[in-house]
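Chemist: Just need the structure, nothing else, for what follows:
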Amino acid sequence: SIDLIGVVPDDEIIITQTNKGEPVIKNKKAPSGKAYIEIARRILGENIDVTIPVKGKTIFSKIKCLFSRK
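Modeler: So this is what the prediction gives:
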């Protein structure tokens, strides 16, 4: 089995696309869309480099900060 936890970055686009009922893989500019495409290409046997997105303030980290403040 393949462990994909932590492979797909969380970004605002993944939330908006999910809320619209649209697959994020359609958005090739989104970090999460790129990650899903790369995963699929590797599963199909392609030998491609891993893209590591730049860590920054994501929607999830912003929400976490809101709830962790005292």
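Chemist: For V8, give me its contacts.
Modeler: Contacts were defined as Cβ atoms under 8 Å, 6 or more residues apart in numbering; by that measure V8 touches 14, 32, 35-36, 39. C-beta: built from backbone N, CA, C; applies to glycine.
Chemist: what about it, which SS state?
Modeler: Taking DSSP: H, G, I helix; E, B strand; the rest coil as the rule, one finds V8 in the coil state.
Chemist: Could you do the one 5 residues further on as well?
Modeler: The local conformation at I13, judged by three-state DSSP, is helix.
Chemist: didn't it look like it was pressed against K28?
Modeler: No - no contact is recorded between I13 and K28 when judged using Cβ atoms under 8 Å, the distance being 10.8 Å.
Chemist: neighbour-wise, which of these two wins?
Modeler: Taking other Cβ atoms under 10 Å, I13 and K28 do not tie; I13 has more neighbours (16 against 10).
Chemist: what's the neighbour count on the residue nearest to that one when sequence neighbours are not counted?
Modeler: Counting by Cβ to Cβ, 6 or more residues apart in numbering, I13 lies nearest to A30, which is 3.8 Å off, once chain neighbours are set aside. A count of neighbours around A30, defined by other Cβ under 10 Å, yields 20.
Chemist: do R42 as well
Modeler: The criterion is other Cβ under 10 Å. On that basis, R42 has 14 neighbouring residues.
Chemist: so what's it scoring on pLDDT?
Modeler: R42 carries a pLDDT score of 90 in this model.
Chemist: List the buried residues in the one helix or strand it maps to.
Modeler: Taking DSSP states H and E as the definition, one finds R42 inside helix 31-43. Neighbour-count burial for helix 31-43 flags 31-39 (criterion: 16 or more other Cβ atoms under 10 Å).
Chemist: Keeping just the C-alphas, turn that helix into CSV.
Modeler: Listed next in CSV are the C-alpha coordinates belonging to helix 31-43 (Å, rounded to 0.1, in the frame of the first residue of the first chain):
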residue,chain,number,x,y,z
PRO,A,31,-0.3,23.1,-5.2
SER,A,32,-2.8,20.4,-4.2
GLY,A,33,-3.8,19.9,-7.9
LYS,A,34,-0.1,19.6,-8.9
ALA,A,35,0.5,17.1,-6.1
TYR,A,36,-2.4,14.8,-7.1
ILE,A,37,-1.2,14.9,-10.8
GLU,A,38,2.3,14.0,-9.7
ILE,A,39,1.0,11.1,-7.5
ALA,A,40,-1.1,9.7,-10.4
ARG,A,41,1.9,10.0,-12.8
ARG,A,42,4.1,8.1,-10.3
ILE,A,43,1.5,5.4,-9.9
